[in-house]
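**Q** With the sequence up front, the predicted model follows.
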Amino acid sequence: MTLATRERKPPWFKAPFPGGERFGHIKSLLREQSLHTVCEEARCPNIGECFNAGTATFMILGDTCTRACGYCAVNSGRPGAVDPLEPVRLARTVATLGLDYAVITSVNRDDLPDGGASIFAACIRAVRHARPTCDVEVLIPDFMGDIEALRAVLDAGPSVLNHNTETVPRLYRGVRSKGDYARTLDVFRHARETAPTVPLKTGIMLGLGETAQELEAVFVDLREAGVTLLTLGQYLRPTPKHLPVAEYVHPDEFARLREVALGLGFRHVESGPLVRSSYHARAQAIAAD
């Protein structure tokens, strides 16, 4: 048992143990198609709820990230080769599951000239071909600021473009390896200019040592950059090698921050200790229309 699992958590941290027939079916299908989900790789506490509802966040471009962020449970190191057939397998899985909403994310692939943008675009198009009624949300990396890579993804027509801000500027150096707050805001600004009708979304982790004032300042920056959908969730330490939890934020504070964000003009805000980037993603997309 790791330190992370032994740490005493507040009483509001309760998630059902993942199980059920559909949960097992989806896991089996993912293995058959050699696909990964961020639900599993990032140890999401909502995996049982989402899998049993027939939804999953697919993680493309392998399961090894070129960055080693202080909060993230995904493997880091030297990734393998890109599989050109991955979009086909992903689309086949979405069609088999009969999904009406799919979320596609990836590890960071700074080793690739376009950061993997072409595979994102191919996945969007393949899913649309295999399952025309399925909306596709993408949760993208920053592509190291490559505007052409961002444009390639947007040209494929995602229903929502998501890029996680993760934390406040003061904490970026220790939290986001190779990340840059200004670059994150630029992703949204360029996306708004390139595809003004595509809703923009982001997520922030709480409990890393940020202050309420810093969070509210970030909300203002995000709105000015064009973001309309927001998720706020509690950071949970995956292993003793990762950053410690500075604070377990009370649900009342999550509720207060939600009202602050809505007051600034966000169209939809999911805010709570167990909320993650893709939690209730379809409901958020509907709210953005």
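**A** Good, I have the coordinates.
**Q** Not counting sequence-adjacent ones, nearest residue to Leu139?
**A** In space, and not counting its chain neighbours, Leu139 is closest to Thr105: 3.7 Å by Cβ to Cβ, 6 or more residues apart in numbering. C-beta here means a position set from N, CA and C on the backbone, and glycine is covered the same way.
**Q** Show me how far the helix or strand containing that neighbour is from its chain's centre.
**A** According to DSSP states H and E, Thr105 maps onto strand 101-106. Centre-to-centre, strand 101-106 and its host chain are 8 Å apart (Cα atoms, centre = their mean, to the nearest Å).
**Q** tell me which residues of whatever helix or strand comes next after that strand are tucked away?
**A** Toward the C-terminus, strand 101-106 is succeeded by helix 117-130 as the next helix or strand (DSSP H and E). By neighbour count on 16 or more other Cβ atoms under 10 Å, the buried set for helix 117-130 is 117-128, 130.
**Q** Give me the residues contacting helix 117-130.
**A** With contact meaning Cβ atoms under 8 Å, 6 or more residues apart in numbering, helix 117-130 is reached by 58, 60-61, 82, 86-88, 90-92, 94-95, 102, 104, 106, 134, 136, 138, 140, 143, 146, 149-150, 152-153, 155-158.
**Q** Now with 6 Å, please.
**A** 60-61, 87-88, 90-91, 94-95, 102, 104, 134, 136, 138, 149, 152-153, 156, 158 (Cβ atoms under 6 Å, 6 or more residues apart in numbering).
**Q** Hmm, Gly226 and Leu185 touching each other?
**A** No: applying Cβ atoms under 6 Å as the test, Leu185 and Gly226 come out as separate, 9.6 Å apart.
**Q** who's more crowded, these two?
**A** The residue with more neighbours, out of Leu185 and Gly226, is Leu185; 21 against 17, by other Cβ atoms under 10 Å.
**Q** residue boundaries of the strands in the stretch 151-289 of the chain?
**A** Along the stretch 151-289 of the chain, counting by DSSP state E, counting those that start in this stretch, strands occupy 160-162, 200-206, 229-234, 268-271.
**Q** Could you count how many residues lie near Arg237?
**A** Arg237 has 19 neighbouring residues, counting by other Cβ under 10 Å.
**Q** ok, and for stretch 161-173, which residues are buried?
**A** Residues of stretch 161-173 classed as buried: Leu161, Asn162, His163, Asn164, Thr165, Glu166, Thr167, Val168, Pro169, Leu171, Tyr172 (neighbour count, 16+ other Cβ under 10 Å).
**Q** Out of those, which is nearest to His268?
**A** Asn162 (12.4 Å; Cβ to Cβ).
**Q** ok, that closest one - contacts?
**A** Leu139, Lys201.
**Q** sorry, back to before: any chance of the strands of the stretch 151-289 of the chain in a markdown table, plus mean pLDDT and distance to Glu193?
**A** Output for the strands of the stretch 151-289 of the chain, formatted as a markdown table (pLDDT from 0 to 100; distance: least, Cβ to Cβ, whole Å):
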| stretch | mean pLDDT | distance to Glu193 |
| --- | --- | --- |
| strand 160-162 | 97 | 12 |
| strand 200-206 | 97 | 11 |
| strand 229-234 | 96 | 18 |
| strand 268-271 | 95 | 22 |
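**Q** okay, those strands in a markdown table with distance to Gly179 next?
**A** Output for the strands of the stretch 151-289 of the chain, formatted as a markdown table (distance: least, Cβ to Cβ, whole Å):
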| stretch | distance to Gly179 |
| --- | --- |
| strand 160-162 | 15 |
| strand 200-206 | 13 |
| strand 229-234 | 17 |
| strand 268-271 | 22 |
